[in-house]
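> predicted coordinates and the sequence they were generated for:
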Amino acid sequence: MLITILASSSMLSRPFFQPTTIWTLSAQDGHSHDNMSQDKVGSLLFRTIAAQVFKSGRLATLQREDVNEIKVLTKGTAVASILENVQGLFGDQLEISIIGNSALNSQLVDLANKITKKQEDEKKFKYIAGKFYD
């Protein structure tokens, strides 16, 4: 019952309390690309892919330039390494298929495993609990 009340309350309708996914993480908190966490940088690739699939369906492609622009934001981390691997999938092509691309899928699985939002979720939980139990 409490969860139902909390979920429908005006307090939880603010963007800070909305669920975060690998597709929406990059847009959270309104940070500029200059100071994004590596999780958020990785999320940019998922967001780019989701937009392409939504737009083109089974014919969706990932552009080399899009990956290059995201890769510039990495800082020598595991996310950077995965994005380098994605860059390598292009060979001499300017775009690659998204749907049915097992090599891309493998890199995306690795990237999803690196993107964590546990700390953000814990902050939100503590804030909510503090509001109701102080």
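Sure, I can see it. Numbering: from 1, shown residues only.
> sketch out the low-pLDDT regions of this structure for me.
When the per-residue scores of the chain are filtered using pLDDT under 70, the ranges that remain are 1-35, 116-121, 133-134.
> recalculate using a threshold of 80.
Low-confidence segments of the chain, defined by pLDDT under 80, span residues 1-38, 115-134.
> so which residues of it form strands?
Under the criterion DSSP state E, the chain contains strands at 61-63, 95-97.
> helices of the chain, residue ranges please.
Taking DSSP state H to define them, one finds helices in the chain at 2-7, 38-56, 64-71, 78-88, 102-114, 118-133.
> to residue 94, which of these lies closest?
With Cβ to Cβ, the closest approach to residue 94 among the helices of the chain belongs to helix 64-71: 5.2 Å. (Each C-beta comes from the backbone N, C-alpha and C, glycine too.)
> show residues contacting that closest one.
If you take Cβ atoms under 8 Å, 6 or more residues apart in numbering as the criterion, helix 64-71 is touched by 41, 44-45, 48, 80, 83-84, 86-87, 90, 93-96.
> try it again at 7 Å.
Identification of contacts with helix 64-71 by Cβ atoms under 7 Å, 6 or more residues apart in numbering yields 41, 44-45, 48, 83-84, 86-87, 90, 94-95.
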